[in-house]
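[1] coords please:
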Amino acid sequence: MKHIDQCTVLVVDDDEITRLMLIAVLSDICHCEAAGNAQEAFNFLAVHPVDLIVLDIQMPEMSGLEFCEKVRANNNFVKIPILFITASVERNIQEACWIAGGNDFVKKPVISNTLKQRAENLLKSKIVADSMFHTGYDDPLTGMKTEHYLLKEVGDHLHYCQMNNRPFSMLIIKIAGINDINIHQGFHQGNLAIQAVARVIEGQLSIPLTKCCRISGATFAISLPNVSEKQGLEFADQLNNAMGSYLYSSGTKLPLNIRFKSSIASCDGSSGDNLDQLMEQCHAALVANPAGNYLKPGRPN
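    Numbering: from 1, shown residues only. Next up, the predicted model:
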């Protein structure tokens with residue numbers, strides 16, 4: 001289970017001095033990022049996972065209450081707890097916080113221990129909720145996400161990209177040759193090979209919000225929010241090279257006749273494609289390429 005010191009808190013406040021003070025306090029328990037206004041916060045949320053938002057109510061252009069309402073209306077962000085920082089805890093202010101979707105509040109001037117305790121409580125609840133939510137969404141063999149997660153959570157990422165006219169690509173990777181290990185060395189060695197493939201793929205996942213799910217055997221689906229088809233093809237080539245480097249390294253658990261197959265489907269805000277349609281396009285492309293490519297030694301970095 002995730003620990004609090006691995007969590008990320010986004011502090012949103014237009015006053016730089018207050019922002020730095022809040023970060024200084026919260027940095028004792030977790031990692032902190034900052035935004036000076038609502039738009040900066042949305043830009044950050046679009047590409048970075050966040051476990052808690054600490055939010056000032058009074059901000060120019062868009063208030064903290066308005067920002068909170070927009071966060072709660074977005075499927076990608078709705079589960080993030082929000083801790084308001086407010087100069088008043090009058091009844092009408094408290095009610096406004098709850099109505100907007102806030103989880104708690106701290107009154108100014110901020111007492112360090114109070115802020116840390118309330119942030120810690122919200123982070124603990126988020127960790128437990130995430131753990132319960134992901135039960136059944138984790139593949140016990142590789143530790144990756146399953147196809148159930150793909151259909152639910154990744155579908156939300158696709159919808160967000162389409163609403164904001166951003167590109168979205170779905171990449172399917174299929175490794176052919178694992179059956180040779182199952183037949184000649186046994187399923188235990190075959191499982192070790194699948195785990196090795198998963199680790200190689202995970203080592204290449206540096207794009208924010210990218211998720212790799214094992215959907216069957218040695219077949220993996222990789223979602224690439226904010227990635228065009230051209231960029232996705234470059235990423236597939238990068239994976240191919242990484243697999244080749246592993247295959248020809250010492251201690252590999254893969255057969256030399258292993259083949260690497262990939263397919264990609266992409267869309268943007270002008271497309272009405274849903275996740276099922278993108279997956280169908282990918283599977284059709286895989287069927288059209290039954291042989292795949294034999295892996296070669298990866299190019300040197």
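
[2] and the spatially most central residue of the chain, how far is that from K296?
    By Cα atoms, centre = their mean, the chain has its centre lying nearest to L209, at 3.3 Å. According to Cβ to Cβ, to the nearest Å, L209 and K296 sit 31 Å apart. Bear in mind the C-beta positions are built from the backbone N, C-alpha and C, glycine included.

[3] Okay, now the unreliable bits of this structure?
    1, 75, 132-136, 208, 250-251, 253, 269, 291, 298-301 (pLDDT under 70).

[4] ranges for the helices of it?
    16-26, 38-45, 64-72, 91-100, 112-133, 147-149, 155-163, 178-185, 187-202, 229-247, 275-288 (DSSP state H).

[5] Grab the nearest non-local neighbour of I175.
    Residue nearest to I175 in three dimensions, not counting chain neighbours: A218, with 4.0 Å by Cβ to Cβ, 6 or more residues apart in numbering.

[6] Pop the domain breakdown of the chain in here.
    4-133, 147-294 (automatic domain parsing).

[7] just to revisit the earlier point, any chance of the helices of the chain in TSV with distance to C213 and mean neighbour count as columns?
    TSV is the format used below for the helices of the chain (distance: least, Cβ to Cβ, whole Å; neighbours: other Cβ atoms under 10 Å):
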stretch	distance to C213	mean neighbour count
helix 16-26	32	16
helix 38-45	22	18
helix 64-72	26	20
helix 91-100	34	14
helix 112-133	15	15
helix 147-149	6	16
helix 155-163	12	18
helix 178-185	17	15
helix 187-202	11	17
helix 229-247	15	18
helix 275-288	11	16
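
[8] Let's have these in CSV, adding distance to C267.
    Shown next, in CSV, are the helices of the chain (distance: least, Cβ to Cβ, whole Å):
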stretch, distance to C267
helix 16-26, 37
helix 38-45, 21
helix 64-72, 24
helix 91-100, 33
helix 112-133, 27
helix 147-149, 20
helix 155-163, 7
helix 178-185, 31
helix 187-202, 23
helix 229-247, 9
helix 275-288, 7
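
[9] how much space between the closest residue to N37 other than its chain neighbours and K152?
    Distances taken as Cβ to Cβ, 6+ apart put D14 closest to N37, at 5.7 Å, once the chain neighbours are dropped. Note on D14: its distance to K152, by Cβ to Cβ, is 35 Å.
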